[in-house]
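> Return atomic coordinates for the entry below.
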Amino acid sequence: MEILDLKEVAGGALQEKVDDAMRRVLDNMQDPNTPWKVKRHITVKIAFTQNEERDDASMEMSVDTKLASVSPVKTRVAIGRDLRNGEVYAQEYGRQIRGQMSLDMGQEASGGVTAAGAGDTENKVVDLRRAAL
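Modelled structure (predicted):
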């Protein structure tokens with residue numbers, strides 16, 4: 001009995017589809033924006049439909065992949081209302097909100113006023129109104 005060589009079926013079209021699916025899976029596995037632990041899948045389906053006399057059949061072949069989804073991108077957004085004009089705002093921020101003054105103890109503040117250092121024995125008042133905005 002002669003069996004079909006799947007590499008040669010449909011002029012090699014099935015093999016091309018499997019090779020393409022393999023490339024997509026491997027690309028997805030190497031994408032740093034996808035979770036490393038998620039399994040990827042390649043599914044090859046071959047469906048046969050025969051005639052009533054059972055001497056002829058058609059083959060329908062498909063290759064599907066299941067890839068890992070791209071990980072979502074996250075950020076933080078400060079939202080509120082501007083007290084000067086009443087408008088609503090949203091502003092993305094990282095470690096510090098843009099325009100926010102940082103108080104580094106022992107360092108010079110952005111307004112030229114020095115805050116009390118950890119080793120100082122006296123407390124110094126920092127005038128936040130003089131800080132540059």
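> Show me where the chain has its helices.
When secondary structure is read from DSSP state H, the chain shows helices at 13-30.
> Strands along that one, start to end?
Along the chain, counting by DSSP state E, strands occupy 41-50, 57-66, 76-81, 88-93.
> okay, the last one in PDB with CA atoms only?
Taking Å, rounded to 0.1, in the frame of the first residue of the first chain, the C-alpha atoms of strand 88-93 are listed here in PDB:
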ATOM      1  CA  VAL A  88      -9.600  68.100  34.300                       C
ATOM      2  CA  TYR A  89      -6.100  66.700  33.600                       C
ATOM      3  CA  ALA A  90      -4.300  63.400  33.300                       C
ATOM      4  CA  GLN A  91      -0.600  63.200  33.300                       C
ATOM      5  CA  GLU A  92       1.600  60.100  33.000                       C
ATOM      6  CA  TYR A  93       4.400  59.800  35.600                       C
END
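> one step back: now the strands of the chain in a markdown table, with mean neighbour count, distance to D20 and mean pLDDT?
Where C-beta positions appear, they are placed from N, C-alpha and C, glycine not excepted. Supplementary listing: those in a markdown table, determined by neighbours: other C-beta atoms under 10 Å; distance: least, C-beta to C-beta, whole Å; pLDDT from 0 to 100:
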| stretch | mean neighbour count | distance to D20 | mean pLDDT |
| --- | --- | --- | --- |
| strand 41-50 | 11 | 10 | 97 |
| strand 57-66 | 12 | 8 | 97 |
| strand 76-81 | 10 | 40 | 89 |
| strand 88-93 | 10 | 39 | 88 |
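> closest one to K17 among these?
strand 57-66 (4.0 Å; C-beta to C-beta).
> Neighbouring strands of the closest one in the sheet, and parallel or not?
Strand pairing for strand 57-66, using DSSP bridges, gives strand 41-50 (antiparallel).
> Run the chain-centre distance for the strand it pairs with.
Using C-alpha atoms, centre = their mean, to the nearest Å, the distance from the centre of strand 41-50 to the centre of the chain it belongs to is 32 Å.
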